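Student: Dropping the sequence and predicted coords here.
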Amino acid sequence: MEISDSGEEDGRVAIDVRNLSKVYASQDGPTQALSDVSFAIADAEFVTIVGHSGCGKSTLLRIVAGLLAPSSGSVTVRGRSVTAPLSDVGMVFQRPVLLKWRTILDNVMLPIEMLHLPRPAGGKRALDLLKLAGLTDFRHHYPAQLSGGMQQRAAICRALVHDPSLLLMDEPFGALDLMTREEMNFELLRIWSERRKTTLLVTHSISEAVLLADRVIVMTPRPGMIADIIDVKLPRPRMPETKLDPRFIECVRMIGRKIGLLYI
């Protein structure tokens with residue numbers, strides 16, 4: 001499916017961001033976090049956002065989720081204007097943020113309770129997701145009994161349990177060690193291939209952005225603008241050997257050059 005930078009495409013648009021800007025007030029005067037950002041994401045597409053710290057990536061994600069109001073511009077999700085927090089979104093943050101007094105299963109079930117959805121159907125989805133994430137045997141454990149990577153898998157299950165159409169992820173693996181992060185990249189790809197949720201993920205890692213995405217949105221330093229949107233022309237499923245593909249290496253180098261990092 002082809003989608004232009006201006007947001008026009010040949011199929012269904014899940015997220016449409018138009019001329020988005022955000023200015024924060026502060027004691028030192030206004031700070032512009034985002035400036036005139038426009039892009040569109042197709043249904044079931046996996047898009048990543050990469051850029052320097054402070055370029056507005058997380059701000060952009062929160063505006064798409066309806067958690068933050070833009071200063072100007074608009075966001076529509078499946079044709080409906082975003083003016084308040086969306087219930088049809090699953091959010092995954094840098095840390096799992098699991099409730100330590102609840103079991104893993106009960107943590108995953110939290111959105112079902114909060115949204116007052118039918119518990120039997122929600123319970124079945126929770127168990128199916130925990131099985132998909134390899135956590136069935138740990139469903140009655142508490143968060144402190146699980147590794148960081150396992151806790152983040154549970155957080156992804158929690159984000160998906162109410163069957164949202166969108167999955168928004170804010171640097172979800174940034175707090176993990178390198179080996180666990182690599183493992184979680186492929187775990188996420190496996191879960192995404194099963195569920196095919198429209199996904200927008202923020203990351204500081206260029207290689208992670210390329211490995212996961214159909215397209216990579218490259219942002220400038222603050223105020224955050226779109227420097228480019230790169231098509232990742234790599235076949236799926238992505239495997240560890242994908243990182244040895246010359247197309248992968250060249251894509252990483254291209255994005256590195258665009259955000260001002262030195263890649264030979």
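Tutor: It's in. Numbers count the residues shown, from 1 in each chain.

Student: drop to CA atoms for contacts and neighbour counts, all remaining ones
Tutor: Fine.

Student: Spit out the contact partners of the closest residue in space to residue 211 that isn't next to it in sequence.
Tutor: In this structure, residue 211 finds its nearest non-sequential neighbour in residue 238, 7.0 Å apart by CA to CA, 6 or more residues apart in numbering. For residue 238, the contacting residues are 186, 189, 211, 212, by CA atoms under 8 Å, 6 or more residues apart in numbering.

Student: Report the separation between residue 238 and residue 54.
Tutor: 30 Å (CA to CA, to the nearest Å).

Student: got it, and residue 107?
Tutor: Residue 107 sits 31 Å away from residue 54 when distances are taken as CA to CA.

Student: more crowded one of the two?
Tutor: Set side by side, residue 107 and residue 54 show more neighbours around residue 107, with 22 against 14, by other CA atoms under 10 Å.

Student: Just after the longest helix along the chain, pick out the following helix or strand.
Tutor: In terms of residue count, the longest helix belonging to the chain (DSSP state H) is helix 178-195. The element immediately downstream of helix 178-195 (helix or strand, assigned by DSSP states H and E) is strand 198-203.

Student: partner strands of that next one, parallel or antiparallel?
Tutor: strand 46-50 (parallel), strand 166-170 (parallel) (DSSP bridges).

Student: For residue 75, find the nearest of those.
Tutor: Closest to residue 75 of the strands paired with strand 198-203 is strand 166-170 (CA to CA; 13.7 Å).

Student: where do the strands sit along the stretch 101-250 of the chain?
Tutor: Along the stretch 101-250 of the chain, the segments classed as strands by DSSP state E, counting those that start in this stretch run 166-170, 198-203, 215-219, 226-231.

Student: May I have stretch 154-162 as PDB, with CA atoms only?
Tutor: The C-alpha atoms that make up stretch 154-162 are tabulated as PDB, following Å, rounded to 0.1, in the frame of the first residue of the first chain:
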ATOM      1  CA  ALA A 154       2.900  -8.700  29.900                       C
ATOM      2  CA  ALA A 155       2.600  -4.900  29.300                       C
ATOM      3  CA  ILE A 156       2.100  -5.600  25.600                       C
ATOM      4  CA  CYS A 157      -0.500  -8.200  26.300                       C
ATOM      5  CA  ARG A 158      -2.300  -5.700  28.600                       C
ATOM      6  CA  ALA A 159      -2.200  -3.100  25.700                       C
ATOM      7  CA  LEU A 160      -3.900  -5.600  23.400                       C
ATOM      8  CA  VAL A 161      -6.400  -7.300  25.600                       C
ATOM      9  CA  HIS A 162      -9.300  -5.000  24.800                       C
END
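
Student: quick one, helices of the stretch 101-250 of the chain?
Tutor: 104-108, 110-114, 119-132, 148-160, 178-195, 206-212, 246-258 (DSSP state H, counting those that start in this stretch).

Student: per-stretch mean pLDDT over those, give me the minimum one.
Tutor: For these, the weakest mean pLDDT is recorded on helix 178-195, namely a mean of 90.

Student: So which bits of that one are buried?
Tutor: By neighbour count with 16 or more other CA atoms under 10 Å, helix 178-195 contains the buried residues 181, 184, 185, 186, 187, 189, 190, 191, 192.

Student: Okay, now the unreliable bits of the stretch 1-150 of the chain?
Tutor: Within the stretch 1-150 of the chain, the stretches with pLDDT under 70 are 1-11.

Student: in the sheet, who's paired with the closest residue to residue 51 other than its chain neighbours?
Tutor: Spatial nearest neighbour of residue 51, excluding adjacent residues (CA to CA, 6+ apart): residue 219 at 5.0 Å. Beta bridges link residue 219 to residue 226, judged by DSSP bridges.
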